[in-house]
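Engineer: What would the 3D arrangement of this be:
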Amino acid sequence: MVESTWNAGPSISAGHLLGGPATEAEPPVAEIRARILDSHRSLLERARGDERAREQFYRLVGTLLAESGVDVAGPGGRDLVKRTAQDLLGFGPITELLSDDAVTEVMVNGPDRIWVERSGVLQRTDLAFRDATGLVDLLERIFGDLGRRIDLAHPWADGRLPDGSRVHAILPPLAVDGPYLTIRKFRGEMFELDELVRLGTLDRETATTLRGAVEDRKNILISGAAGTGKTTLMNALSRGIPATERVVTIEDSTELQLQHPHWLRMETRLPNPDGGGEVTMRDLVRNALRMRPDRIIIGEVRDREAFELLVALTTGHSGAMATIHASSAGHALTRMIHLIQMADSGIPFEAVVEQVHDVVDAVVHLRRDTGGQRYVSEFRSLDDPGGGGGLG
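Structural biologist: Coordinates of the predicted model:
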């Protein structure tokens, strides 16, 4: 199942990736894979989304392996049935990790080194792909289905799985032990502020203050490192937006889960294989300003869209929220200023500093401790720059 986007550049193989010959799959497995793709593709496609079809598919794999002389009744045979079916269904040995609700991120650091983040803590698993070829096959399926190009000429790719999970891959020689694959799973449930208080993410006083800030249409910047819970907090805060307001959200990959009747979602688009067709956050913020929004919410400010956001906030679009990667509340403001300067707006640096401090009403900074606990470490109100630090 190799899409044309995969073949658009130089082909790859395990030999290319690891600097040596590819390891051959077990002979009956290679034969069975070919038979299924040739004669049972419709069942394979149904099995990817239907539990009953998946059971039929596993039985088919077992039957074909038995016909090839494999003792499928023994422990080794049952394991081979499972691995063969999972390989063809799309995610190989990490299938079980993607269905585990406690796992929030899957990190494949080469064929035989698979890590997960579970409950905020990194853990190594005992799972492995059969060889580099198996991992390359998985990348073919993932990015081929997404219409993305990844090959020796374009050795990395980003995308979003159908369930909303974010996926990134990078190939050797850039990835020394690779290929590397990282999947940040889409979180289905949405927390309320009160539940975040119960979990220790923030204290009751901070939650009350933030709830009031949303109701009063304050502009809030949520900062922190990757995986500290910025999007989770933004989802919780969004519940305080009145149902009568028109909300526009802009993201690289849709993660926000607003429970709102008048919600317009927009998502950026990566370049196509020819390098054209890209739609950036900055493009979408400009469009949002023409859509009569009551609130603009940006999943993450990371580039020159910061200038368009500043324009929006200085022209009366209050009640905005955005996340930003930073090491502290103060650093979040500094980074916002620098991103605006990158847009070559021509506004003097001192004027940018003044405007940012005028329009950003509050900064919430999140951290994650070594045990995986995410918590608000700073809450800074720009109406009172000297107060509010260290809440939560």
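
Engineer: Name the residues of stretch 120-131 that come out as buried.
Structural biologist: Going by neighbour count (16 or more other CB atoms under 10 Å), the buried part of stretch 120-131 is 120, 125, 127-131. For the C-beta atoms, the positions are set from N, CA and C on the backbone; glycine is no exception.

Engineer: Lowest pLDDT pick from those residues?
Structural biologist: By pLDDT, residue 130 ranks lowest within these, coming in at 77.

Engineer: roughly how far apart are it and residue 84?
Structural biologist: Remark: distance between residue 130 and residue 84 (CB to CB, to the nearest Å) = 9 Å.

Engineer: returning to what we had before: quick one: which of the buried residues of stretch 120-131 is nearest residue 139?
Structural biologist: Top of the list for closeness to residue 139, among the buried residues of stretch 120-131 and by CB to CB, is residue 129 at 10.8 Å.

Engineer: Could you pull up the contacting residues of that closest one?
Structural biologist: Residues near residue 129 by CB atoms under 8 Å, 6 or more residues apart in numbering: 92-93, 108, 111-112, 135, 138.

Engineer: Wait, a strand at it?
Structural biologist: No - under DSSP: H, G, I helix; E, B strand; the rest coil, residue 129 falls outside any strand and is assigned coil.

Engineer: what about it, distance to residue 162?
Structural biologist: With CB to CB as the criterion, residue 129 and residue 162 are 22 Å apart.

Engineer: And the contacts of residue 129, which is the shakiest by pLDDT?
Structural biologist: Ranked by pLDDT, the contacts of residue 129 bottom out at residue 92 (82).

Engineer: Which residue ranges of the stretch 51-200 of the chain form helices?
Structural biologist: Taking DSSP state H, counting those that start in this stretch, the helices of the stretch 51-200 of the chain run over residues 51-67, 75-89, 95-98, 132-145, 193-199.

Engineer: shouldn't residue 284 be in contact with residue 266?
Structural biologist: Yes - between residue 284 and residue 266 there is a contact under CB atoms under 8 Å: 4.8 Å.

Engineer: which among the buried residues of stretch 120-131 gets closest to residue 322?
Structural biologist: Within those, proximity to residue 322 (CB to CB) peaks at residue 120, which comes in at 23.6 Å.

Engineer: Show me whatever sits in contact with both of residue 284 and residue 266.
Structural biologist: The contact sets of residue 284 and residue 266 overlap at residue 250 (CB under 8 Å, 6+ apart).

Engineer: These two - which one has more neighbours?
Structural biologist: Neighbours of residue 284 and residue 266, each counted by other CB atoms under 10 Å, are more numerous for residue 284; the result is 23 against 18.

Engineer: tell me the contacts of the more buried one?
Structural biologist: 250, 266-268, 305.

Engineer: so of those residues, which ones are in helices?
Structural biologist: If you go by DSSP state H, the contacts of residue 284 have residue 305 in helices.

Engineer: Can you flag the buried ones in the contacts of residue 284?
Structural biologist: Buried residues within the contacts of residue 284, defined by neighbour count using 16+ other CB under 10 Å: 250, 266, 268, 305.

Engineer: do you know how far the closest residue to residue 280 other than its chain neighbours is from residue 298?
Structural biologist: Counting by CB to CB, 6 or more residues apart in numbering, residue 268 is the residue found nearest to residue 280 once chain neighbours are left out, at 6.0 Å. Plainly put, residue 268 is 11 Å away from residue 298 if you go by CB to CB.

Engineer: Now do the shared contacts for these two.
Structural biologist: Here residue 268 and residue 298 have 250-251, 281 as joint contacts, going by CB under 8 Å, 6+ apart.

Engineer: export those residues to TSV and tack on distance to residue 230 and pLDDT?
Structural biologist: TSV is the format used below for the shared contacts of residue 268 and residue 298 (distance: CB to CB, whole Å; pLDDT from 0 to 100):
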residue	distance to residue 230	pLDDT
250	15	93
251	12	90
281	16	89
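
Engineer: Redo these as a markdown table? Include distance to residue 242.
Structural biologist: Listed next are the shared contacts of residue 268 and residue 298 as a markdown table, based on distance: CB to CB, whole Å:
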| residue | distance to residue 242 |
| --- | --- |
| 250 | 20 |
| 251 | 22 |
| 281 | 26 |
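
Engineer: Would you map out the domains in this protein?
Structural biologist: Domain assignment for the chain by automatic domain parsing gives 6-184, 193-381.

Engineer: And those domains, which one averages the lowest pLDDT?
Structural biologist: domain 6-184 (a mean of 79).

Engineer: Any idea how far it is from the middle of the chain?
Structural biologist: Averaging C-alpha positions (CA atoms, centre = their mean, to the nearest Å) puts domain 6-184 19 Å from its chain's average.

Engineer: OK, contacts around the closest residue to residue 117 other than its chain neighbours?
Structural biologist: Setting aside the residues directly before and after it, residue 117 is nearest to residue 105 in space (CB to CB, 6+ apart), at 4.0 Å. Neighbouring residues of residue 105 by CB under 8 Å, 6+ apart: 116-117, 182-185, 227.

Engineer: before we move on, back to that, now the helices of the stretch 51-200 of the chain in CSV, with mean neighbour count and distance to residue 309?
Structural biologist: CSV is the format used below for the helices of the stretch 51-200 of the chain (neighbours: other CB atoms under 10 Å; distance: least, CB to CB, whole Å):
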stretch, mean neighbour count, distance to residue 309
helix 51-67, 16, 44
helix 75-89, 18, 42
helix 95-98, 17, 34
helix 132-145, 21, 31
helix 193-199, 16, 24
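
Engineer: my read is residue 248 is in a strand, agree?
Structural biologist: Yes - counting by three-state DSSP, residue 248 falls inside a strand.

Engineer: Let's see stretch 324-339 as PDB, backbone CA atoms only.
Structural biologist: Extracted C-alpha coordinates of stretch 324-339, given in PDB (Å, rounded to 0.1, in the frame of the first residue of the first chain):
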ATOM      1  CA  ILE A 324       3.400  29.800  23.700                       C
ATOM      2  CA  HIS A 325       6.500  27.700  24.500                       C
ATOM      3  CA  ALA A 326       8.500  29.500  27.200                       C
ATOM      4  CA  SER A 327      10.400  28.800  30.400                       C
ATOM      5  CA  SER A 328       8.600  31.400  32.500                       C
ATOM      6  CA  ALA A 329       5.800  33.900  32.400                       C
ATOM      7  CA  GLY A 330       8.300  36.700  31.800                       C
ATOM      8  CA  HIS A 331      10.000  34.700  29.100                       C
ATOM      9  CA  ALA A 332       6.600  34.200  27.400                       C
ATOM     10  CA  LEU A 333       6.200  38.000  27.100                       C
ATOM     11  CA  THR A 334       9.800  38.400  25.800                       C
ATOM     12  CA  ARG A 335       9.300  35.600  23.200                       C
ATOM     13  CA  MET A 336       6.000  37.200  22.100                       C
ATOM     14  CA  ILE A 337       7.800  40.500  21.500                       C
ATOM     15  CA  HIS A 338      10.600  38.800  19.600                       C
ATOM     16  CA  LEU A 339       8.200  36.900  17.400                       C
END
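
Engineer: Many thanks, we can stop here.
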